[in-house]
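Engineer: After the sequence you'll find the predicted model.
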Amino acid sequence: MTDDPPRRRPPLWRCSRCGRRFANRNQSHACGRYTLAHHFSGKPRAIAQIYREFVRALRACGPVTVLPEKSRIAFQVRMSFAQLTPRRQWIDGHLVLAEPTPSACIRKIESFSRRNHVHVFRLASVEDITPELRSLMQRAYAVGDQRHLQSR
């Protein structure tokens with residue numbers, strides 16, 4: 001067994017127009033400047049409470065960049081690995097995992113490549129952020145940090 005040194009990862013590329021950082025140079029995206037207030041305007045207070053608890057659970061995994069976009073709130077380490085879309089009665093979201101991982105808290109899984117599988121969920125209350133979902137969030141955080149690519 002050998003202990004190979006960790007792969008050196010390139011710095012994040014920064015879009016000169018909007019300032020957003022990406023793991024891939026010139027990554028396609030829609031430039032824009034949005035705020036969290038944009039997503040919670042007119043929503044019940046409970047929706048913001050669900051959001052705050054989700055973010056607290058993500059930050060337990062490590063540092064996270066919160067990226068309010070036009071139609072969603074993305075969460076990034078090196079790459080985006082989770083997103084939330086606040087609605088009036090619930091929050092829709094997804095986690096990106098390196099392999100399909102069926103779970104009771106996951107409504108649908110969409111596979112986009114061999115190492116990128118979107119796991120869709122819905123949060124109607126803080127109680128929906130279960131230990132099972134938190135475990136998936138930890139795995140998604142590792143994908144956001146691109147640890148799933150280091151074993152290549």
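Structural biologist: Looks like it came in fine. Numbers count the residues shown, from 1 in each chain.

Engineer: shaky segments in the protein?
Structural biologist: Residues of the chain meeting the criterion pLDDT under 70: 1-8, 12-13, 15-16, 18-31, 148-152.

Engineer: one more time with 80
Structural biologist: 1-33, 148-152 (pLDDT under 80).

Engineer: mind listing the strands for this structure?
Structural biologist: Using DSSP state E, the strands of the chain run over 13-14, 21-22, 65-68, 73-76, 80-86, 91-97, 108-113, 116-123.

Engineer: Now the spatially most central residue of the chain: closest residue in space, sequence neighbours ignored.
Structural biologist: By Cα atoms, centre = their mean, the chain has its centre lying nearest to Ala82, at 1.5 Å. Excluding its sequence neighbours, the residue lying closest to Ala82 (Cβ to Cβ, 6 or more residues apart in numbering) is Phe75, at 4.2 Å. Heads up, the C-betas are built off the backbone N, CA and C, glycines and all.

Engineer: Please apply the same query to Lys43.
Structural biologist: Leaving aside its chain neighbours, Lys43 sits nearest to Pro86 (5.6 Å; criterion: Cβ to Cβ, 6+ apart).

Engineer: In contact with that neighbour, which residues?
Structural biologist: With contacts defined as Cβ atoms under 8 Å, 6 or more residues apart in numbering, the neighbours of Pro86 are His39, Phe40, Lys43, Ile47, Ala48, Tyr51, Ile73.

Engineer: these two touch, right, the third one and Arg88?
Structural biologist: Spelled out, that is Lys43. Yes. Lys43 is within contact range of Arg88, at 6.1 Å (criterion: Cβ atoms under 8 Å).
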